[in-house]
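Asker: how would this look folded up:
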Amino acid sequence: MQAFLLSTLALCLFVGIGIGAIVMIRAWMRGADELDGSGRGDWESALAGYKNLRDKGVLSEEEYRKIRTAVEPPKETSPGTVQPPLPSNAPGLFPELPPNTG
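Answerer: Take a look at the predicted model:
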């Protein structure tokens, strides 16, 4: 009986360590944004990169506005407000580029 209790306790300890390791690895893989609680999303860092390109003159103001519109999440609306759907024939950000077939 004592050997059974020891085996059960050891098994529970190993399972607990395994669960803890999985949680830590998942948090590490998700990145530092979730760990530090800053709430800064990927879209904000991408937008900051595009802003730097605009400031350097690589992107025009119009290109930056198009990218910002596409990258930013939709604004919060008041309850009861319905946002119109995007048109299905809306042109892409860069219509002069060939479509991605990859």
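Asker: care to break this structure down by domain?
Answerer: 11-39, 41-72 (automatic domain parsing).
Asker: rank the ones you listed by pLDDT, which is bottom?
Answerer: Across these, domain 11-39 has the smallest mean pLDDT, namely a mean of 77.
Asker: so Pro73: helix, strand or coil?
Answerer: Following DSSP: H, G, I helix; E, B strand; the rest coil, the label given to Pro73 is coil.
Asker: find the nearest non-adjacent residue to it, please.
Answerer: Leaving aside its sequence neighbours, Pro73 sits nearest to Trp43 (Cβ to Cβ, 6 or more residues apart in numbering; 6.4 Å). (C-beta placed from N, C-alpha, C; glycine too.)
Asker: which helix or which strand is home to that neighbour?
Answerer: Per DSSP states H and E: Trp43 is located in helix 42-56.
Asker: name the helices or strands packed onto that helix?
Answerer: helix 61-71 (3 or more Cβ pairs under 8 Å, 6 or more residues apart in numbering; DSSP states H and E).
Asker: so which bits of the helix it packs on are buried?
Answerer: For helix 61-71, the neighbour count (16 or more other Cβ atoms under 10 Å) marks Tyr64, Lys66, Ile67 as buried.
Asker: good, we can wrap up now.
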